[in-house]
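1. sequence-free structure coming up:
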């Protein structure tokens, strides 16, 4: 994992606050920048982490082309890989990074809602994400924490 993603407060300090997150990384691009996100993803060659390794930019372009404002972003923190802890670690320690990504994705594909799925056993990650969502005033679509 890129060390910059977990840069900031130590794990012992707990979840990064919204003011600290903004001071470290700045604000996310506004909605006017949304059309540029998908071409950047396509050019990056980023692949999905599922078994098929499908290109992320292709998937986002497909959703954007069909959404007509009726799409959802699902942030899957289920941690399906038994030996992995990346999802719960990011949600617990850097919840605003996860929220920023969901907001960027929603704007880029024209989604009108976001759902964050957290594995039922990951209580710390759920609590951190709940707290972070309460800190935010820039969430412009309905959000569910599942």
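-> Alright, I've got the coordinates. All of these numbers come straight from a predicted model, not from anything done at the bench.
2. List the buried residues of the one helix or strand in the chain whose mean pLDDT sits lowest.
-> When the helices and strands of the chain are compared on mean pLDDT, DSSP states H and E, helix 56-67 comes out lowest with a mean of 84. Neighbour counts over helix 56-67 (16 or more other C-beta atoms under 10 Å) mark 56-57, 60-61, 63-64 as buried. All C-beta spots, glycine's among them, are computed from the backbone N, C-alpha and C.
3. next one: stretch 103-120
-> Neighbour counts using 16+ other C-beta under 10 Å place 103-111, 114-116, 118-119 of stretch 103-120 among the buried residues.
4. Compute the first-to-last residue distance for that stretch.
-> Terminal residues of stretch 103-120 lie 23 Å apart, using C-alpha to C-alpha, to the nearest Å.
5. still on that earlier bit, would you check which pair of the buried residues of stretch 103-120 lies furthest apart?
-> Greatest spacing in the buried residues of stretch 103-120, by C-beta to C-beta: 110 and 119 (28.1 Å).
6. Which parts of this structure are strands?
-> Taking DSSP state E to define them, one finds strands in the chain at 72-77, 113-118, 143-145.
7. Which elements pack onto the second one?
-> Contacts of strand 113-118 with other secondary structure elements, assessed using 3 or more C-beta pairs under 8 Å, 6 or more residues apart in numbering; DSSP states H and E, are made with strand 72-77, helix 86-93, helix 95-109, helix 123-135, strand 143-145.
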